[in-house]
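Student: this is the structure alone, sequence omitted:
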């Protein structure tokens, strides 16, 4: 699948029972009615953190958006908004400001969970199966540019589905909704909703060299991981018995690799599938089922695809040459529990 460069917008089961889910009786609403329904669930996230590169100003500030997903204070937003953050404040739709803390992050899905302590929170209604159609009207709600006076609303259509884009950090985001609803810095982490007032996506990025091309992570892809993030503080992925690392120019130079792309294999456990199949530290996985791999996003997306054969075939570049490895494909249901 062709990758498109993008700019990130920066600037238990008991858990499932907490979350408001869509049901078959939800009916289409007017746009003002959708806004009235969802706006109380949208928050502003103000951050202060350490910049990635040295700065004469030291810590830097930013802002973005988030979605209240249950009454106990969990807020869903983007990882890139809170990465490196030292402190954050959440602004509720009522105008109240309250401290928040990051309780879970996943850079491959660009998701984060924030926890606040507050009363009378209004959770958004989540559509975990989101049967979207191209051309369907969608509404983006967020706080672009941290403008005073509350959240901003923009309207557009679903321009395309199942988009795949390459982020500035070299990883790939999959299963994205493309929309022409206007998205601007500060919208990141806010909801994309349908005309039933159901959250169908999380606004994440814009195409920097184009107009009216914005992206949102589908809630359908996100929802299976929310429970794990609440309970464990991370997304649960299968344990093949090694640590995967995206090969970048600096990684290739540091490890003396002869390839410039793929997944570097580190910390191999000889008692687990990777070790018993013959993988060694320093090997590089260059393809999975004959599809080239460029980063960890590619690897996990391919591993977790539904409806695929029960085994996966890895093409590996080792110190003594290229070889193939067969591993058992994990059970998706078992992983998501």
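Tutor: Perfect, thanks for sending it. These numbers come from a predicted model, not from an experiment.

Student: now do the SS call for residue 100.
Tutor: Secondary structure, DSSP: H, G, I helix; E, B strand; the rest coil: residue 100 is strand.

Student: pretty sure it is touching residue 46, no?
Tutor: No - with contacts counted by C-beta atoms under 8 Å, residue 100 stays clear of residue 46, the gap being 9.2 Å. Quick note: C-beta positions are derived from backbone N, CA and C, even for glycine.

Student: for the stretch 1-150 of the chain, which spans come out with low pLDDT?
Tutor: Along the stretch 1-150 of the chain, segments meeting pLDDT under 70 span 1-26, 49-61, 130, 145-149.

Student: which stretches of it form helices?
Tutor: For the stretch 1-150 of the chain, the helices defined by DSSP state H, counting those that start in this stretch cover 15-18, 31-38, 79-82.

Student: returning to what we had before: now for residue 100 and residue 46: what residues contact both?
Tutor: The contact sets of residue 100 and residue 46 overlap at 88, 89, 90 (C-beta atoms under 8 Å, 6 or more residues apart in numbering).

Student: one step back: and residue 100 and residue 46? Which one has more around it.
Tutor: With neighbours defined as other C-beta atoms under 10 Å, residue 100 and residue 46 compare such that residue 100 has more, 26 against 19.

Student: what residues are bridge-paired with that one?
Tutor: When assigned by DSSP bridges, residue 100 has beta-bridge partners residue 88.

Student: now do it against residue 75, distance only.
Tutor: 7 Å (C-beta to C-beta, to the nearest Å).

Student: overlap in contacts, the two.
Tutor: Shared contacts of residue 100 and residue 75, defined by C-beta under 8 Å, 6+ apart, comprise 45, 90, 114, 115, 116.

Student: of those, which is the most crowded?
Tutor: residue 45 (28 neighbours).

Student: surely that residue and residue 88 touch.
Tutor: Yes - counting by C-beta under 8 Å, residue 45 sits close enough to residue 88 to count as a contact (5.9 Å).

Student: and the biggest strand by length in the chain with helix 31-38, angle?
Tutor: Determined from DSSP state E, the single longest strand within the chain is strand 152-166. Between strand 152-166 and helix 31-38, the angle comes out at 80 degrees (axes from the mean of the first three to the mean of the last three C-alpha atoms, to 10 degrees).

Student: now for strand 152-166, which elements pack on it?
Tutor: Under the contact definition 3 or more C-beta pairs under 8 Å, 6 or more residues apart in numbering; DSSP states H and E, strand 152-166 sits against strand 4-5, helix 31-38, strand 137-142, strand 172-179, strand 214-218.

Student: 6 Å instead?
Tutor: Packing contacts for strand 152-166, counted by 3 or more C-beta pairs under 6 Å, 6 or more residues apart in numbering; DSSP states H and E, involve strand 137-142, strand 172-179.

Student: redo these as TSV? Include distance to residue 129 and mean neighbour count.
Tutor: Formatted as TSV, the helices and strands packed on strand 152-166 follow (distance: least, C-beta to C-beta, whole Å; neighbours: other C-beta atoms under 10 Å):
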stretch	distance to residue 129	mean neighbour count
strand 137-142	16	24
strand 172-179	13	23
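
Student: export the ones you listed to TSV and tack on distance to residue 243?
Tutor: Below are the helices and strands packed on strand 152-166 laid out as TSV (distance: least, C-beta to C-beta, whole Å):
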stretch	distance to residue 243
strand 137-142	35
strand 172-179	19
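
Student: of the ones you listed, which is nearest residue 40?
Tutor: strand 137-142 (10.5 Å; C-beta to C-beta).
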